[in-house]
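Novice: Fold the following and give me the result.
(chains A and B)
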Amino acid sequence: MRKYRDLIIQVVFVIVCGVCWQLYAKSRNLMGFPSLDVIFNRLVYCFTNERRPILQYLFNSILSILKGLGIGALLALIFSSLSVSSHVFGILYNLVVSVFDLLPGVALLPILMITIGANDTSILVLVIHSVVWPMSRNLIDGFRTTPQIYVESGRNLGLNIAGMVFGIYIPSSFASILSGVKVGWARAWRGLISAEMIFGAAQSAGIGVFINNARTVWIDYPAVYAAIVLVIVVGVIVEYGIFLQIEKATIRKWGMVR
Amino acid sequence: MKRMMRRIAILTLCVAIATVACCTFALAETVKLNVAYQGGIGYAPVHVMEVNKLIEKNYDGDIEVTFQKLDSGAAINEGMIGGSIQIGCMGVGPAVSGVAAGIPYKIISNLCAQSHGLMSNDPSIQSLADIKPGDVIALVNTGSIQHILLAMTAEKVLGDAHALDSNIQKMSHAEGMAALESGTVKLHLTSSPFIYQERENPAYNELTELSQVWPSGNTFLVAMATSKIAEDEALFKAVCDAFDQAIAYINEDEEGIVAIEVDYLGLEPEQVKGYLEQPDCQFSTELKGVQDMADFMYRADFIEREVTWDELVYAR
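Specialist: Residues are numbered from 1 along each chain as shown, chains lettered A, B, ... in the order given. Next comes the predicted model:
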């Protein structure tokens, strides 16, 4: 019953915001502040018209993010496992993570452009950079908080590093891992779109390039809003369609979180 | 008690907002003008207007003129749409796109012609036809005048205006210059003063096809004014006169303009003088090639409709 009420409050809030937007847009009729129906029509136009192939751009972005997220998550897993099994690696890696986690990917872009060059690899490196450090933080924290009794029993059974990681550390710290993936995804998605907007990758143009083109070439602000809406929709789908479902099937079911 | 407090708080907030709103209306009696420009010597007429207060001198009445430097034509377009900028100086490419997209502005004055060039660090690239799919061309932004010039050249040499679009990499002029030097890009399409520095490097070769489609003396930068200025006859005339006088000043008083530009560009006087003496660096009130560019942009699908001269330029 309470859940139902929360949902109603959220829906009412969204509707009120929408009505305010619509009233303001219709009353001022500004070029840079289109009304919701104009934005929606533009989105439909972008889906169907060859001149603004927004889905192609979105597809490119999702492809880069999947690649980056996959490699980044794998690296984070490897490094975090090593740092709980070796003390020296652990302290060194902790230092590296503290240094790089604070560095925004976009700040690295000029250096990447000069060293790696202006291509998709730079963007990939950037996405990996935004994923690997925050995820490592969560993974290591999760691994460290594994109850000692589980670790001891794993050792008693004679498990090797891989056995310890997959049999003991990962299941017991699944809540931290999941929040690490969430943080990594959010950082990567934001980093990717900023990078695309600033440098505009030559080979595979993503949704950030679309926003930049809508701004500089087409001077089409409804298309800018349409692209922003699409970015939000992707975020919501990932949050509620993927992460929430995984959460329900795992840590909620196991009673690790409420 | 708590509820009472909350009501009072909301009421106070409403009053505060209303007061601020009233104040903005009350202050609107002096004419306020915000002029936006970008970096480089091409914006010298705007610098002269600011230093010599030319708009204020030509306008008979209470006026407050502010100047703002932004980093792209797109940012200036956004300011003009949003109403925070009344006069914006930009490349002729974004200006034509803006008119076609329905931004309520037109060209009020020509500013200058400048030098442009497409430089390569690969001796095997002597023509646009030699550029292969993976060869990156750095230029400042999509939709910029440099992008349009590349497309115009591509149309003439390769028969397709968009043949090189997937080779373009967006970089600021300075970054593009560094990337050309380090070899991460093969080509760089840039304008003065960067092009002068690159031409001095013997390791580069210039693809001269570009200057054939956009000859020396053709308009590079223009000043756009919103329709609000055109509606106020006295203000419109003051702005026109200010641009005319600024351009005349640049062409007549070399020492004066060098002194002004040294401050704005942070360069040595000899360097500024060298730039001003380049044959392609021409300050004039006369527009050249603008309609050709607008026609090309429609033909090459940069804009979705044809733009006439009357839509582009205010009648003086």
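
Novice: what about residue B:194, neighbour count?
Specialist: Burial of residue B:194 is recorded as 22 neighbouring residues (other C-beta atoms under 10 Å in any protein chain shown). Where C-beta positions appear, they are placed from N, C-alpha and C, glycine not excepted.

Novice: what's in contact with the lowest-mean-pLDDT helix or strand in chain A?
Specialist: Ranked by mean pLDDT, DSSP states H and E, the helix or strand of chain A with the weakest confidence is helix A:105-115, at a mean of 81. For helix A:105-115, the external contacting residues (C-beta atoms under 8 Å, 6 or more residues apart in numbering or on different chains) are A:122, A:125-127, A:129-130, A:191, A:194-195, A:198-199, B:171, B:175, B:178-179, B:182, B:184.

Novice: Tell me how far residue B:182 lies from residue B:284.
Specialist: Spatial separation of residue B:182 from residue B:284 under the definition C-beta to C-beta, to the nearest Å is 37 Å.

Novice: The two - which one has more neighbours?
Specialist: Between residue B:182 and residue B:284, residue B:284 has the larger neighbour count (other C-beta under 10 Å), namely 16 against 13.

Novice: So that one sits against residue B:114, correct?
Specialist: No: counting by C-beta atoms under 8 Å, residue B:284 does not reach residue B:114; the two are 11.6 Å apart.

Novice: avg pLDDT for stretch B:56-64?
Specialist: Over the span of stretch B:56-64, the pLDDT mean works out to 92.

Novice: give the contact list for residue B:108.
Specialist: Listed by C-beta under 8 Å, 6+ apart, the contact partners of residue B:108 are B:87, B:223, B:224, B:225, B:229, B:236, B:239, B:240, B:243, B:314.

Novice: and the one helix or strand the fifth one maps to, anywhere near chain A?
Specialist: Residue B:229 is located in helix B:227-231, with elements delineated by DSSP states H and E. No: Helix B:227-231 stays out of contact with chain A when judged by C-beta under 8 Å from any C-beta of the partner chain, the minimum separation being 12.4 Å.

Novice: on contacts alone, who are the packing partners of that helix?
Specialist: strand B:105-113, helix B:233-252 (3 or more C-beta pairs under 8 Å, 6 or more residues apart in numbering or on different chains; DSSP states H and E).

Novice: Spatially central, which residue of chain B would that be?
Specialist: By C-alpha atoms, centre = their mean, the mean C-alpha position of chain B lies nearest to residue B:90, the distance being 1.7 Å.

Novice: For residue 245, grab the count of nearby residues.
Specialist: Picking chain A for this. Residues lying near residue A:245 (other C-beta under 10 Å) number 10.

Novice: That was the other one, I meant chain B.
Specialist: Using other C-beta under 10 Å, residue B:245 has 18 neighbouring residues.

Novice: For it, which non-adjacent residue is closest in space?
Specialist: Excluding its sequence neighbours, the residue lying closest to residue B:245 (C-beta to C-beta, 6 or more residues apart in numbering or on different chains) is residue B:54, at 5.4 Å.

Novice: Distance check, residue B:256 against chain A.
Specialist: When C-beta to the nearest C-beta, to the nearest Å is applied, the distance between residue B:256 and chain A equals 35 Å.

Novice: Residues touching the helix or strand hosting that residue, excluding its own?
Specialist: When secondary structure is defined by DSSP H and E, residue B:256 falls within helix B:254-265. Residues lying outside helix B:254-265 but in contact with it, judged by C-beta under 8 Å, 6+ apart, are B:40-41, B:44, B:47-48, B:51, B:249-250, B:267-269, B:272-273, B:276.
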